[in-house]
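Asks: A predicted structure for the sequence below; I have some questions about it.
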Amino acid sequence: MKSSQRAKVIVIPCSGIGKPLGSVSREAVYELIENARRQVTDTICLALLIRGDKEALQVVQNNKCITIDGCPMQCAKKNLEHVSGNLVASYRAVDVLKKHRNLKPKSVTFLDQDGKKLAVALAAEVATKVDEILGR
């Protein structure tokens, strides 16, 4: 995100590579920034924060941030806190799965229909929080 752009809520997914709920968290972020709240959200690569990328650090310190983790380890949340990011909310895909037990993703490589539906449900929860943050 360019510093000249108006401030957006930054939504950061976990890396969770090889784990279905990690894929759900990333897909939820894509749903949010590309569709559900396109004009008011953006994302940044978690690896850039971990590496200490100066521009990425500025973005998370100067904008309100939400993390979405796939599992209870909450790596995205912990790493954002570690770099003093402006964390205003955090979500876990595993918690949304508890509300939608019929939507258990079965594939790791590509999300199946249940995984995609779970990601949309998670994105909808986060979209409500984005609206709250922005006073909508």
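Replies: Here it is on my side, so go on.
Asks: pLDDT score for residue 3?
Replies: Each residue has a pLDDT score; the one for residue 3 is 42.
Asks: buried ones in whatever helix or strand residue 21 lives in, by neighbour count?
Replies: For residue 21, the host element (DSSP states H and E) is helix 20-31. By 16 or more other CB atoms under 10 Å, the buried positions in helix 20-31 come out as 20, 21, 22, 23, 24, 25, 26, 27, 28, 29, 31. Any C-beta I mention is one placed from the backbone N, CA and C, and that applies to glycine too.
Asks: contacting residues for residue 108?
Replies: 18, 19, 20, 23 (CB atoms under 8 Å, 6 or more residues apart in numbering).
Asks: and stretch 97-105, how far out from the chain middle?
Replies: Mean C-alpha position of stretch 97-105 versus that of the full chain (CA atoms, centre = their mean, to the nearest Å) differs by 18 Å.
Asks: do the same with stretch 102-119
Replies: 17 Å.
Asks: make residue 1 into 520 and carry on from there
Replies: With the count now opening at 520, the last piece we talked about shows up as stretch 621-638.
Asks: which elements pack onto the top helix by length along the chain?
Replies: Secondary structure assigned by DSSP state H gives helix 632-652 as the longest helix of the chain. With contacts taken as 3 or more CB pairs under 8 Å, 6 or more residues apart in numbering; DSSP states H and E, helix 632-652 sits against strand 528-532, helix 539-550, strand 584-588, strand 606-611, helix 612-618.
Asks: make JSON lines out of the ones you listed and add distance to residue 570.
Replies: Converted to JSON lines, these look like this (distance: least, CB to CB, whole Å):
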{"stretch": "strand 528-532", "distance to residue 570": "14"}
{"stretch": "helix 539-550", "distance to residue 570": "19"}
{"stretch": "strand 584-588", "distance to residue 570": "17"}
{"stretch": "strand 606-611", "distance to residue 570": "19"}
{"stretch": "helix 612-618", "distance to residue 570": "24"}
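Asks: what's the closest of those to residue 632?
Replies: helix 539-550 (12.0 Å; CB to CB).
Asks: pLDDT weak spots in this structure?
Replies: 520-526 (pLDDT under 70).
Asks: returning to what we had before: and which of the buried residues of helix 539-550 is nearest to residue 578?
Replies: residue 548 (14.6 Å).
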